[in-house]
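A.B. asks: Model the following, please.
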Amino acid sequence: MTTGWQLDGTYFEACTCTGACPCLFGGDPTEKTCDALVAWHIDHGHYQDVRLDGLSLAMALHAPGNMTAGDWKVVVYVDDTADARQKDALVQIFGGQAGGHPAALAAFVGEVMAVESVPLAFTEEGRRLGVRIGDRGDARIEAIEGQGGGEARISGHPVAVSPGNDLVVASSQRVSYHGHGIELDVSHRVAYYARFQYAAA
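C.D. replies: Model prediction:
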């Protein structure tokens, strides 16, 4: 069942893959499995009459093999500044119950291990993005330099968190996460960021 909602903002992801991430194209992760942190910051959004402007959500993810095979294990972290109605709206949207593209992503999830409210500090300074997830995790990424000092971008990739938007290719300065059996402590691995626009189908 869908209802009236819309979100737009910035998202980024950082994972354990090395080199150009094959997961974007339906290939197997370079490390055989994939552990990742994904974060979304909402510039403007609503779920029915509930405003969601300025809130963030993050997800720690473990995929046991090819991303398209599903069976992901995830832990969801909701911005602790969200009130009860806002938290419920975010969980409904990103859990897939409200339809739209998040529902397509949620179809790959085999187990939601936990949903927690924590302080989420999302930062975006030019080509540097980051998120701190309470005392659970921290990710810092920076865009790589493309031709002529511009951004390197990927478009049209079939496995997309943010369909219709080019991905800016980045590298993790550091990604650290420990919780619920997912352990991440890497640097100089694959990362991306992009704008996103989600809405009820």
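A.B. asks: switch to C-alpha atoms for all contacts and neighbour counts from now on
C.D. replies: OK.
A.B. asks: which residues does the nearest residue to residue 108 once chain neighbours are set aside contact?
C.D. replies: Excluding its sequence neighbours, the residue lying closest to residue 108 (CA to CA, 6 or more residues apart in numbering) is residue 70, at 4.1 Å. Shown in contact with residue 70 (CA atoms under 8 Å, 6 or more residues apart in numbering): 63, 107-110.
A.B. asks: What's the separation between residue 70 and residue 100?
C.D. replies: 18 Å (CA to CA, to the nearest Å).
A.B. asks: Residue 184 now?
C.D. replies: In terms of CA to CA, residue 184 sits 30 Å off from residue 100.
A.B. asks: residues in contact with the longest helix along the chain?
C.D. replies: Identified as the longest helix of the chain according to DSSP state H is helix 84-94. Outside helix 84-94, the residues that touch it by CA under 8 Å, 6+ apart are 47, 50-52, 57, 78-79, 98-99, 102-103, 106.
A.B. asks: Of those, grab the buried ones for ChimeraX.
C.D. replies: Buried residues within the contacts of helix 84-94, by 16 or more other CA atoms under 10 Å, are selected in ChimeraX with:
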select :47,51,52,57,78,79,98,99,102,103,106
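A.B. asks: Could you save the contacts of helix 84-94 as a markdown table and add columns showing secondary structure, distance to residue 6 and pLDDT?
C.D. replies: Formatted as a markdown table, the contacts of helix 84-94 follow (DSSP: H, G, I helix; E, B strand; the rest coil; distance: CA to CA, whole Å; pLDDT from 0 to 100):
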| residue | secondary structure | distance to residue 6 | pLDDT |
| --- | --- | --- | --- |
| 47 | strand | 7 | 98 |
| 50 | strand | 11 | 98 |
| 51 | strand | 10 | 98 |
| 52 | coil | 9 | 98 |
| 57 | strand | 15 | 98 |
| 78 | strand | 17 | 98 |
| 79 | strand | 18 | 97 |
| 98 | coil | 10 | 96 |
| 99 | coil | 11 | 96 |
| 102 | helix | 11 | 98 |
| 103 | helix | 14 | 97 |
| 106 | helix | 17 | 97 |
